[in-house]
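S.K.: Here is my input, please return the structure:
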Amino acid sequence: MSKEDFDRGLAIRKDVLGKEFVEKSLASATDFNRPMQELTTEYCWGWLWGREEELPRKTRSMLNLAILGAINRNHELKMHVKGALKNGVTKAEIREVLLQVAIYCGIPAGVDSFRTAQEAFNEVENQGR
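M.R.: Numbers count the residues shown, from 1 in each chain. Now for the predicted structure:
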């Protein structure tokens, strides 16, 4: 494992998903799933998301929303909707990405994605109260 990629990934992951969420995920890791947490942090967040000179975070967020909506991974989608907002993706842009999902992947995928995004919006808005 590359310490440099892991450290960069940890910083990006915390910045996008929130420090508390990431620290809780890492602290609750077990011997069974810890390697997955490390893989995700190093390769997904450090190596891939760390390539910001190639694709900015906003673009990566929009891609993630489309992919996660297309494959019906709503738990991950909700987390990435919140991250997308932090990365400057507007609600209108999220709506357009999810409409694209509905047309190209099917209305049920779109409906689920919109429902999940609304839950994420509600949670973000309620945090400020």
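S.K.: Averaged pLDDT, the helix ranked longest in the chain. What do you get?
M.R.: As assigned by DSSP state H, the longest helix anywhere in the chain is helix 107-127. For helix 107-127, mean pLDDT rounds to 97.
S.K.: Contacts for that helix next, please.
M.R.: Residues external to helix 107-127 that are found in contact with it (Cβ atoms under 8 Å, 6 or more residues apart in numbering): 65, 68-70, 72, 74, 77-79, 81-82, 85, 91, 94-95, 98-99, 101-103. For every residue, glycine as well, the C-beta is placed using N, CA and C.
S.K.: In contact with residue 25: list those residues for me.
M.R.: By Cβ under 8 Å, 6+ apart, the neighbours of residue 25 are residue 37.
S.K.: which of the residues in the helix or strand hosting it are buried?
M.R.: Taking DSSP states H and E as the criterion, the element that holds residue 25 is helix 19-27. Of the residues in helix 19-27, 22, 25 count as buried by neighbour count, 16 or more other Cβ atoms under 10 Å.
S.K.: Roughly how far does residue 106 sit from residue 72?
M.R.: In this view, residue 106 and residue 72 are 10 Å apart by Cβ to Cβ, to the nearest Å.
S.K.: Tell me, how many residues neighbour residue 5?
M.R.: By the criterion of other Cβ atoms under 10 Å, residue 5 has 17 neighbours.
S.K.: Give me the phi and psi angles of residue 56.
M.R.: phi -70, psi 160 (degrees, to the nearest 10).
S.K.: What's the mean pLDDT across the helix holding residue 25?
M.R.: For helix 19-27, the per-residue pLDDT averages 95.
S.K.: Now find how far off-centre it is within its chain.
M.R.: 14 Å (Cα atoms, centre = their mean, to the nearest Å).
S.K.: now swap in stretch 58-75 and tell me
M.R.: For stretch 58-75 - counting by Cα atoms, centre = their mean - the centre lies 7 Å from the chain centre.
S.K.: Show me the chain divided up by domain.
M.R.: As assigned by automatic domain parsing, the chain contains the domains 1-54, 56-129.
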